[in-house]
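Quick one, fold the following:
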Amino acid sequence: MVTQTTNPLEWIQPLLLIVIMGILLLLLLRQTMMLSRAGEAYSKVQRVVTLVACGDKVEARPFKEGDYVGRVLGDCGEGRQARIVGIYSEEVALEKPR
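Sure, this is the predicted structure:
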């Protein structure tokens, strides 16, 4: 006659498996939500602007490759030099199609 020994903690294994599966499902949902938010951030269009100063006058122009703050662009009249004093980006509002 074969006697079968039963472990009093057998019920823990399926319960632990269900808990782990639930945690994995929650992590998957969290990652999906984060990716959708990241997609929204990348869909915003930004324009980079360079500020050029000549004396008291400051003008904004589109950014060109090689621009950096402090760069001397050349003479702008009356012995003054045009310099780049700032570079920044601004969000461009897109019109929604009707």
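
How about the contacts made by residue 82?
Contacts for residue 82 (C-beta atoms under 8 Å, 6 or more residues apart in numbering) come out as 52-54, 72-76. The C-beta positions use only the backbone N, C-alpha and C, and glycine is treated the same way.

Just the buried residues from these, in PyMOL please.
Here is the PyMOL selection string for the buried members of these, based on 16 or more other C-beta atoms under 10 Å:
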select buried, resi 52+53+54+76
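
Please produce a markdown table containing the contacts of residue 82, extended by distance to residue 60, secondary structure and pLDDT.
Compiled in a markdown table, these are given as follows (distance: C-beta to C-beta, whole Å; DSSP: H, G, I helix; E, B strand; the rest coil; pLDDT from 0 to 100):
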| residue | distance to residue 60 | secondary structure | pLDDT |
| --- | --- | --- | --- |
| 52 | 8 | strand | 95 |
| 53 | 11 | strand | 95 |
| 54 | 13 | strand | 91 |
| 72 | 18 | strand | 93 |
| 73 | 14 | strand | 92 |
| 74 | 18 | strand | 90 |
| 75 | 20 | strand | 91 |
| 76 | 15 | strand | 86 |
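
Closest one of the contacts of residue 82 to residue 40?
The shortest approach to residue 40 among these belongs to residue 52, at 33.2 Å (C-beta to C-beta).

how much space between that closest one and residue 32?
45 Å (C-beta to C-beta, to the nearest Å).
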